[in-house]
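S.K.: just need the structure, nothing else, for what follows:
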Amino acid sequence: MLYVAWTFIAAALYLVVNIAVSAHVVLYKRNTRAAIAWVGIVWLTPFLIGAAMYILFGINRIQRRAQNLRGRNHGAVEVTDPSCITIPDDFPGLAEEQEHMNALATLVGNVTGRPLLSGNQVTPLCNGDDTYPAMLEAIAKAEYSITLSTYIFDNDPAGGQFVDALSNAVARGVEVRVLIDAVGARYSWPSIVKKLRGDKVPVATFLPVLVPWLLHYSNLRNHRKLLVVDGREGFTGGINIRQRHYCNGAAERAVPDLHFHLIGPVVAQIQEVFAADWEYSTNEALKGDIWFPDLRGDGPICARGISDGPDSDLDALRLTLEGAIGCARSSVLIVTPYFLPNDMLIGALNTAALRGVDVDIILPQQSNLALVQWASTAQLWQILIRGCRVWTTPPPFDHSKLMLIDGIWSLIGSVNWDPRSLRLNFEFNVECYNRDLAKKLGEFAEDRKRRATQVTLEDVEGRPFAKKLLHGLARLLSPYL
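M.R.: Numbering: from 1, shown residues only. This is a model prediction of the structure:
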């Protein structure tokens, strides 16, 4: 009788828990295929293993914690007035033939809730050779505050330069805050965090994990690269802090990349994003003039920050990419190190190509992540068959990220064209409306294209069967790469 009773209790527990977990999946999983997969795992794995897996890995705790934090500290982070989301009436950069960009500006404004701000200067910086001296000079001149957020901060000569500069700023009485992703902080050993703390630099890690050295593919990472000095001068882009971004010496493992120096009102939006991440990680709210001074600018660029992550900013950058492609009339140019677009982005690219828009996608010939490259290759036929053009640049691996539309709109920042960037990690980009900047960045992309090899549909279809099978299997993992 006791055995029968325990059997009945176990069966009842199994049904109740699995029904409750399945209900949570149906109510909160937006992606239909993901919901079906989780329901299958819950019911087809032994006893409550599937339910336990969903509770551990399927629930977005970042979104819940971020919402709770905002609820407790409503208004703690200063936010710019979102009343103007379109291109200002006095903006001189748009001719009549480019008025369609107003539709894109409206879309991004509605997605982000941030205003599009005129009066900015944006200067491209190539590799660590241009970027690090500019950042270090800004830090050396700081008078009031420095905020720095990065995914990777290596304990190497480049990292040492930044530690020295930040500790000197602290010694001068500058308020400094450094935020490093917990996984990115462990790309080198010992971690740079200990060194920063030893020099009295206030530092925090974002979302600590138990085994970071095993989790280079882990999700919910803070992939943003932000530096703001005195609330007036900003840097953002794709460059982490590590020696490998120095490229002038033609080092074998050098990693070319793009970064940007920004001055003007848009810097406040960079600071807002850092302040929100810092408050999330430490519960300290950054307020006041030393962090958020009054900003006015006379630069020629209209710009807006776009934050993205698995919280309230979910899908902001995906919607921006889709909207930008949909607004394109003549050209779409994409430079990205990882290319694993979902069906909606593939459809948008194909539709643009079929409308007669020139769609060019520049990728590295040799990725630093083999699985990602295999999965990407398995997908290329889907865009090549509709007339999109794909180019691959020779080594070293190029980590640059850039998107240009019609020779006027530029998207710069940290996002990659893969599921981790667009759904599972925290990213930051800036949209810019300016012909001169787009022309300069277009020349950068054209230089890459001149050195690249065009990939044709015949190349992709002509792969040996074994490679096709391997690449196809890797594609099945693309939602997690």
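S.K.: correct me, but residue 300 touches residue 432?
M.R.: No - using Cβ atoms under 8 Å, residue 300 is not in contact with residue 432; the gap is 10.2 Å. C-betas here are computed from N, CA, C, even on glycine.
S.K.: looking at these two, which is more packed in?
M.R.: residue 432 (25 against 19; other Cβ atoms under 10 Å).
S.K.: which SSE is the more buried one in?
M.R.: Residue 432 is part of strand 427-433, with elements assigned from DSSP states H and E.
S.K.: strand partners (parallel or antiparallel) of that strand?
M.R.: When pairs are called by DSSP bridges, strand 427-433 turns out to pair with strand 299-308 (antiparallel), strand 409-413 (antiparallel).
S.K.: and the ones you listed, which is most packed in?
M.R.: strand 409-413 (a mean of 25; mean count of other Cβ atoms under 10 Å).
S.K.: and the next element down the chain from that strand?
M.R.: Downstream of strand 409-413, the first helix or strand assigned by DSSP H and E is helix 419.
S.K.: against which helices or strands is that next one packed?
M.R.: Helices and strands touching helix 419, by 3 or more Cβ pairs under 8 Å, 6 or more residues apart in numbering; DSSP states H and E: there are none.
S.K.: now it, how far from the centre of its chain.
M.R.: Offset of helix 419 from its chain centre (Cα atoms, centre = their mean, to the nearest Å): 10 Å.
S.K.: where are the low-confidence patches of the stretch 151-300 of the chain?
M.R.: Along the stretch 151-300 of the chain, the parts satisfying pLDDT under 70 run over 210-219, 249-252.
S.K.: where along the stretch 301-450 of the chain do the strands fall?
M.R.: All strands of the stretch 301-450 of the chain, identified by DSSP state E, counting those that start in this stretch, fall at 331-335, 358-364, 389-393, 402-405, 409-413, 427-433.
S.K.: residue 191: which of those strands is closest?
M.R.: strand 427-433 (23.0 Å; Cβ to Cβ).
S.K.: so how far is that closest one off the chain centroid?
M.R.: 10 Å.
S.K.: kindly report the same for stretch 450-468.
M.R.: Per Cα atoms, centre = their mean, the centroid offset for stretch 450-468 relative to its chain is 28 Å.
S.K.: in the stretch 51-200 of the chain, which spans are helices?
M.R.: 61-72, 101-112, 127-141, 157-171, 192-198 (DSSP state H, counting those that start in this stretch).
S.K.: between these, which one is nearest to residue 368?
M.R.: helix 127-141 (15.8 Å).
S.K.: how about the closest one: buried residues?
M.R.: 127-128, 130-132, 134-136, 138-139 (16 or more other Cβ atoms under 10 Å).
S.K.: identify the bridge partners of residue 227.
M.R.: Going by DSSP bridges, residue 227 forms beta bridges with residue 148, residue 235.
S.K.: surely it meets residue 235?
M.R.: Yes - taking contacts as Cβ under 8 Å, residue 227 lies within contact range of residue 235: 4.1 Å.
S.K.: shared neighbours, those two?
M.R.: 135, 138 (Cβ atoms under 8 Å, 6 or more residues apart in numbering).
S.K.: now the strands for the stretch 151-300 of the chain?
M.R.: 175-181, 203-206, 226-229, 233-237, 258-263, 299-308.
S.K.: pull out the buried positions in the longest helix anywhere in the chain.
M.R.: Assignment by DSSP state H gives helix 2-28 as the longest helix of the chain. Going by neighbour count (16+ other Cβ under 10 Å), the buried part of helix 2-28 is 17-18, 21-22, 24-25.
S.K.: domain assignment for the chain?
M.R.: The chain is divided into the following domains under automatic domain parsing: 2-59, 64-303, 316-480.
S.K.: got CSV for the ones you listed, with distance to residue 309 too?
M.R.: Formatted as CSV, the domains of the chain follow (distance: least, Cβ to Cβ, whole Å):
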stretch, distance to residue 309
domain 2-59, 15
domain 64-303, 8
domain 316-480, 4
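S.K.: residue 150: neighbour count?
M.R.: Neighbour tally, residue 150, other Cβ under 10 Å: 26.
S.K.: can you give me the pLDDT of it?
M.R.: As predicted, residue 150 sits at a pLDDT of 97.
S.K.: tell me how far it lies from residue 167.
M.R.: Applying Cβ to Cβ, to the nearest Å, the value for residue 150 to residue 167 is 16 Å.
S.K.: kindly report the same for residue 36.
M.R.: 52 Å.
S.K.: same thing with residue 233?
M.R.: For residue 233, the distance to residue 167 - Cβ to Cβ - is 20 Å.
S.K.: of the two, which one has the most company?
M.R.: residue 233 (22 against 17).
S.K.: show the contacting residues for the more buried one.
M.R.: Per Cβ under 8 Å, 6+ apart, neighbours of residue 233: 138, 261-263, 267.
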